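S.K.: Starting from these lines, generate the structure:
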Amino acid sequence: MRRRIAWIGVAALAATLGVLFTRGGDERVLIEPEPPQPPGQGSCPSGMGPEMARLPEGFCIDTTEVTRGQYEAWLDTSPDVDRSGACAENDDLTPSCHWPPGGNADQPVVCVDWCDAQAFCAAAGKRLCGRIGGGDYAPDGYDDPAVSEWHAACTSGGRYDYPYGDTLDTAVCRGGDAEDYTTWGFDDVGSFTGCRSPDAPYSEVMDLSGHAAEWDGACEGDAPGDGCRIRGGSFEHNAHGLRCAMGRDLRWPRMRRVQAVGFRCCAD
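M.R.: The predicted structure is shown next:
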């Protein structure tokens, strides 16, 4: 049995190297190397947070905002607070409003700062959405679908102004269009089934316009008070604020917590 296990191990190594292998006598078996996994392909991280979708640009993105229940499950593991670098002033991961989740576990987590969002994504084997190919990007590249992962997802690779098309439709996403405020506030993530692209696979990603605005991995610097981008608008925004390219000057200090701002994660 040990010899067979050893043979399987050697054969696996040979498959990786692509060599002509001899197994007893004159029997020769050519073991072809396994093809390398092309970058930007393969399965997305799973197990913590929302399900992810892989987009043609070569990255994965959460299909919804991170929920209060998912964030609570992470807090229940007693994660350490990262107080290094730009997050040196972060001393608590607990949201400052709409907490604990209670009966609203499927609504987006909000009142978390940029560092909280970054810590959750890292624990999930993901990262805050940033530059296509990995890393952060300069804040001025926020509306370039060849640069920003979040913008590529929202515009279907640069095709649309809103996730669903070029013309505002107040009936599909959660925005602030009703004067009586009946559309204000949160619902369960994914409830607005029309708030998505008509084109696959971008159509798997929901709520990029309105509902909860989202932290993005584009910051002005590495100091705790430096501004980081907020994307997508929230239930408080109307037509202009619900565009994928909204927020040219919307950069908030990374330690700020707001009742309408949550996040989602990306991964390679």
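
S.K.: which strands and helices sit next to the biggest strand by length in the chain?
M.R.: Of all the elements of type strand in the chain, the one with the most residues (DSSP state E) is strand 213-219. Judged by 3 or more CB pairs under 8 Å, 6 or more residues apart in numbering; DSSP states H and E, strand 213-219 is in contact with helix 114-123, strand 127-128, strand 227-231, strand 261-262. For the C-beta atoms, the positions are set from N, CA and C on the backbone; glycine is no exception.

S.K.: For these, could you give me a markdown table that also reports mean neighbour count?
M.R.: Formatted as a markdown table, the helices and strands packed on strand 213-219 follow (neighbours: other CB atoms under 10 Å):
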| stretch | mean neighbour count |
| --- | --- |
| helix 114-123 | 23 |
| strand 127-128 | 23 |
| strand 227-231 | 25 |
| strand 261-262 | 28 |
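
S.K.: Give the burial count for R174, as a bare number.
M.R.: For R174, the count of nearby residues is 25 (other CB atoms under 10 Å).

S.K.: Settle this for me: it is touching E236, isn't it.
M.R.: No. R174 lies out of contact with E236 (CB atoms under 8 Å); the separation is 9.9 Å.

S.K.: Point out where this protein drops to low pLDDT.
M.R.: 1-40, 179-180 (pLDDT under 70).

S.K.: change it to 80
M.R.: 1-41, 178-183, 247-250 (pLDDT under 80).

S.K.: A117 contacts L128, doesn't it?
M.R.: Yes. Between A117 and L128 a contact is recorded at 5.9 Å, counting by CB under 8 Å.

S.K.: who touches both of these two?
M.R.: Shared contacts of A117 and L128, defined by CB atoms under 8 Å, 6 or more residues apart in numbering, comprise W215, F263.

S.K.: can you list the domains in this structure?
M.R.: 1-36, 39-268 (automatic domain parsing).

S.K.: for these, which one ends up most surrounded?
M.R.: With neighbours taken as mean count of other CB atoms under 10 Å, these reach their highest mean count in domain 39-268, at a mean of 19.

S.K.: for the closest residue to G125 other than its chain neighbours, phi and psi?
M.R.: Counting by CB to CB, 6 or more residues apart in numbering, P45 is the residue found nearest to G125 once chain neighbours are left out, at 4.2 Å. Dihedral angles of P45 (phi, psi; degrees, to the nearest 10) stand at phi -60, psi 150.

S.K.: Surely P45 and F59 touch.
M.R.: No. Using CB under 8 Å as the test, P45 is too far from F59 to be in contact (11.3 Å).

S.K.: Overlap of the contact sets of those two?
M.R.: Residues touching both P45 and F59 by CB under 8 Å, 6+ apart: A267.

S.K.: Any chance you could list what contacts stretch 119-131?
M.R.: 45, 47-49, 52, 60-62, 66, 71, 74, 77, 79, 81-82, 87, 93, 112, 114, 117-118, 134, 136-137, 141, 147-150, 153, 214-218, 263-267.

S.K.: do stretch 218-230 as well
M.R.: 85-90, 114, 130, 136-139, 141-142, 148, 213-217, 247, 250-255, 261.

S.K.: Strands of the chain, start to end?
M.R.: With DSSP E as the criterion, the chain has strands spanning 20-22, 28-30, 52-54, 60-62, 127-128, 213-219, 227-231, 251-253, 261-262, 265-267.

S.K.: for the third one, packing partners?
M.R.: This means strand 52-54. Right, strand 52-54 is packed against strand 60-62 by 3+ CB pairs under 8 Å, 6+ apart.

S.K.: how about 10 Å then?
M.R.: strand 60-62, strand 265-267 (3 or more CB pairs under 10 Å, 6 or more residues apart in numbering; DSSP states H and E).

S.K.: now it, how far from the centre of its chain.
M.R.: 9 Å (CA atoms, centre = their mean, to the nearest Å).
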